[in-house]
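Novice: pasting the sequence and the predicted model now:
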Amino acid sequence: MDGSRALIVSSSYSTDEMGHSIGKEAYSYHFVAQAFAPLLERLGHVTEITRPESRLDYALWRAERQGRAAVHLSFLPLHFTYLSSRAPNLAFPSWEFPDIPATNLGNNPRNNWARIANHLSLIVCHSQSARNAFRRAGVKTPLRVIPIPVPDTYFKLPLWEPGRATVLDCPCFEFPQTDGATETLAETTTRITGPSLKDHGRSIYRRFLKPYISGFLDRHIWYLARAAGLVRKRRPEDEIPCKLSKSVNLTDIVYTTVFNPFDPRKNWQDLLTAFLTAFADTSDVTLVIKLVLRPKMLRSGLLEIFEFYRKSGLQHRCKVVLIWSYLPDAQMHDLTQASTYYLNTSRAEGSCMPLQSFLAAGRPGIAPVHSGLADYFDEHVGFVVDSHPEPAAFPQDPDAHLATSWHRLVWSSLSEQLKASYRFVRDGYEQYRMIGLRARQSMEEYASTKAVRPKLSEAIDSLFGAVTEETGNASTAHSRPQVDLL
């Protein structure tokens, strides 16, 4: 580490806060910052801050008092990025659309990414498509493409082999339901997430008030509560039989996917229906869905998926496993080892860190080739799903104008590629092993720490070169323009 340099890193949440922040807006930027952290620590003294609007200038001032040249690295979406006039500002925007906002969306100048981008000293994109989006908007700030590094541990995981069994000790749901389900989905989710405030209120009323009032008054209170929306109506999930498992045994062919069910870009509805249809009569196939949900959204997220599953009415012999709890690195490694393929059906991706990690572990993918995926995914490392562009809105646009595009997957192509991937591994393990090794080698050349380190080092050096230049020039040392991006 170069002790004469200070890297002030601003991100959405601290490591201690992540357990309660999974699934919140911009939560994934924390994982991007964590992926770069080991490399940044080699390049200077790293100080991580949150809430840069109030803490950034103070952190830079402290670095200056300690005799360190300082730069600011922002791992936040540009509309959440705060800049300082005390140091060069470098941003790492993870972007998945072919355009960036170049107007004040919702009359908010912070949503004008092109405006903010032109105040930066340097922009690091994680894909060629993101770089092209900034260039297309006329951004003049220097741009570099540096992939998000994959942890070395994934490259060291053994390749998947048939016949291996893995037990994950984490709570989950399994479908189709086995005999002996003793409670409904609504009861199970209440047991997992705890009762709501309305549930608490109903319980207090039943225990402490109802026994002491007349039936006439009780009925009137019930009518008033129903009019106020306090009486829970009978819902479909009240009828869905459910059984919670404390662990899951993964054997045979396993497909894994990771997504937030409230993110429309993830397109999980096509993923689920295509999988259940393709493997309706196949009993040796499992789909593991690792949900990314913050605790407050857990109940609604689970019900969202189960309600869609119920309405689909699809009968199937394949197994679906739903995991919602946070998995530490060791369990994510276990899940990766148990997996045969990684499945991605997104409409747009900045990078897809899980797919990169699974490819590094020698697990081929099933995914489209668009946005950030196009830099590293093709038919040599997995099975390509056809897709076509269609109009879309920027996620931060409150008016949801169709100002950009994402990709609509071809459902029949997804279904056929799932079937092809199954035949591929069943017809001969050696060919599967070869494509797994090719995926690992491809990711090693693209996003290993060894591949990323020189690119990142060169980018950081260029910023400190600018700091040294200004320090040596008294007339410019105090002339950095004030940045007003409120």
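Specialist: That came in fine, so what should we check first? Numbering: from 1, shown residues only.

Novice: and the helices in the stretch 201-350 of the chain?
Specialist: Remark: helices assigned in the stretch 201-350 of the chain by DSSP state H, counting those that start in this stretch are 215-227, 268-278, 298-312, 329-338.

Novice: return the most buried member of the ones you listed.
Specialist: helix 268-278 (a mean of 20; mean count of other C-beta atoms under 10 Å). (Glycine included, C-beta is placed from N, CA and C.)

Novice: ok now it, how far from the chain's centre?
Specialist: From the chain centre to the centre of helix 268-278 is a distance of 20 Å (C-alpha atoms, centre = their mean, to the nearest Å).

Novice: check stretch 143-158 too.
Specialist: The chain centroid and the centroid of stretch 143-158 are separated by 16 Å under C-alpha atoms, centre = their mean.

Novice: export that stretch as CSV, just CAs?
Specialist: What follows is stretch 143-158 as a C-alpha-only set of coordinates in CSV (Å, rounded to 0.1, in the frame of the first residue of the first chain):
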residue,chain,number,x,y,z
LEU,A,143,-13.9,7.1,-19.8
ARG,A,144,-12.3,3.8,-19.0
VAL,A,145,-13.8,0.3,-19.2
ILE,A,146,-12.7,-1.8,-16.2
PRO,A,147,-14.7,-5.0,-15.4
ILE,A,148,-15.8,-5.8,-11.8
PRO,A,149,-13.2,-8.2,-10.5
VAL,A,150,-14.3,-11.7,-9.5
PRO,A,151,-12.9,-13.0,-6.2
ASP,A,152,-10.1,-15.5,-6.6
THR,A,153,-12.0,-18.0,-4.5
TYR,A,154,-14.4,-18.7,-7.4
PHE,A,155,-11.6,-19.7,-9.7
LYS,A,156,-10.4,-22.3,-7.2
LEU,A,157,-13.7,-24.1,-6.8
PRO,A,158,-13.8,-27.6,-8.2
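
Novice: measure residue 86 to residue 59 for me?
Specialist: Applying C-beta to C-beta, to the nearest Å, the value for residue 86 to residue 59 is 10 Å.

Novice: who has more neighbours, these two?
Specialist: Each of residue 86 and residue 59 has its neighbours counted (other C-beta atoms under 10 Å); residue 59 has more, 22 against 19.

Novice: residues touching the nearest residue to that one once chain neighbours are set aside, list them.
Specialist: Closest residue to residue 59 apart from its sequence neighbours, by C-beta to C-beta, 6 or more residues apart in numbering: residue 8 at 4.7 Å. The contact partners of residue 8, by C-beta atoms under 8 Å, 6 or more residues apart in numbering, come to 47, 49, 56, 59-60, 63, 70-73, 87.

Novice: then residue 105?
Specialist: Per C-beta under 8 Å, 6+ apart, neighbours of residue 105: 111-112, 394, 396-399, 401.

Novice: rewinding a little: does the residue nearest to residue 59 belong to a helix, a strand or coil?
Specialist: With DSSP: H, G, I helix; E, B strand; the rest coil as the basis, the three-state label of residue 8 is strand.

Novice: the helix or strand where residue 422 lies: what's the following helix or strand?
Specialist: Per DSSP states H and E: residue 422 is located in helix 411-427. Scanning forward in sequence from helix 411-427 by DSSP H and E, the next helix or strand is helix 429-447.

Novice: packing partners of that following helix?
Specialist: Helices and strands touching helix 429-447, as assessed by 3 or more C-beta pairs under 8 Å, 6 or more residues apart in numbering; DSSP states H and E, comprise helix 152-155, helix 353-360, helix 411-427, helix 449-471.

Novice: return the most buried member of these.
Specialist: Greatest burial across those, using mean count of other C-beta under 10 Å, falls to helix 353-360, with a mean of 26.

Novice: so for that helix, mean pLDDT?
Specialist: In this model, helix 353-360 has a mean pLDDT of 98.

Novice: contacts for that helix?
Specialist: Taking C-beta under 8 Å, 6+ apart as the rule, helix 353-360 contacts 28, 31-32, 35, 147-148, 150-151, 154-155, 256-258, 336, 339, 341-342, 344, 365, 367, 373, 376-377, 381-382, 439-440, 442-444, 447-448.

Novice: pLDDT value on residue 201, please?
Specialist: So residue 201 comes in at 55 (pLDDT).

Novice: scratch that, residue 27 is what I was asking about
Specialist: pLDDT, residue 27: 78.

Novice: quick one: it and residue 33 touch, right?
Specialist: No: the pair residue 27 / residue 33 is not scored as a contact, 11.2 Å apart, by C-beta atoms under 8 Å.

Novice: between those two, point out the one with more neighbours.
Specialist: Between residue 27 and residue 33, counting by other C-beta under 10 Å, residue 33 is the more crowded of the two (24 against 18).

Novice: okay, the more buried one: pLDDT?
Specialist: Per-residue confidence (pLDDT) for residue 33: 95.

Novice: so it is in which element?
Specialist: Element membership of residue 33, judged by DSSP H and E, is helix 28-40.
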